[in-house]
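[1] Just the structure for this:
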Amino acid sequence: IVIMLSFVLAFALVSSSFAAVCKSPTVTSDSSVTGIAAMFDETSYSAAFSFECDGSKVKSEPLFAYVNGEFYPVAADSEGGYQVSWAVSNKKVSSGTTTVSIFDAAAYEAAQSAESPASAQSFSVDVYYSVPSALALPVPAEFVAMFTLGGLVYYVSNA
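    Purely as a prediction, here's the structure:
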């Protein structure tokens, strides 16, 4: 039990030291969105980011993300890169910017009991997505292209 208490205390100190030291991190991010409504039921989002505190890159900090009312674990690599992914039903996808609220362990604990979890965030990352306009034709687009090409060939050969 003493070893377990020591581990919990050490984890709490590391988590609180991150929150205390890193009040305004410098964040570098990149995002991607995949999904084709005709092929998939969901659109996948991914936000990759790294951040610095006082000029040094933060590595292996346990982080959590809050997106669209749900928490997700954030994956970390050994180089100080972080990534979070989530999926949204195509029926609910819309164009615009999605804000991903990032929490360190201490902020995550506070956010779970808060009415507005985003208010306890450590920092945020924005993901922009523009829904492709779907041309709803009653026939496949290839058929329309071939029909148009056939008409053009007929017109040119009879001119």
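[2] downstream neighbour of the helix or strand bottoming out on mean pLDDT in the chain in the secondary structure list?
    Least confident helix or strand of the chain, by mean pLDDT, DSSP states H and E, is helix 2-21 with a mean of 37. For helix 2-21, the succeeding helix or strand toward the C-terminus, using DSSP states H and E, is strand 26-34.
[3] Which of the helices or strands spans residue 107?
    helix 105-113.
[4] ditto for residue 146
    Residue 146 belongs to helix 141-157 when assigned by DSSP H and E.
[5] and if you look at residue 80?
    Going by DSSP H and E, residue 80 is not part of any helix or strand.
[6] is it true that it touches residue 50?
    Yes: at 5.2 Å, residue 80 and residue 50 qualify as touching, with contact defined as CB atoms under 8 Å. C-beta: built from backbone N, CA, C; applies to glycine.
[7] what do the two both touch?
    57, 58 (CB atoms under 8 Å, 6 or more residues apart in numbering).
[8] and these two? which has more neighbours close in?
    Counted by other CB atoms under 10 Å, residue 80 and residue 50 do not tie: residue 50 has more neighbours, with 20 against 15.
[9] tell me the contacts of the more buried one?
    Residue 50 is in contact with 27, 28, 29, 57, 58, 80, 81, 82, counting by CB under 8 Å, 6+ apart.
[10] could I get these as JSON lines with distance to residue 110 and pLDDT?
    Output for those, formatted as JSON lines (distance: CB to CB, whole Å; pLDDT from 0 to 100):
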{"residue": "27", "distance to residue 110": "20", "pLDDT": "90"}
{"residue": "28", "distance to residue 110": "26", "pLDDT": "89"}
{"residue": "29", "distance to residue 110": "23", "pLDDT": "89"}
{"residue": "57", "distance to residue 110": "25", "pLDDT": "88"}
{"residue": "58", "distance to residue 110": "19", "pLDDT": "86"}
{"residue": "80", "distance to residue 110": "24", "pLDDT": "89"}
{"residue": "81", "distance to residue 110": "25", "pLDDT": "92"}
{"residue": "82", "distance to residue 110": "20", "pLDDT": "94"}
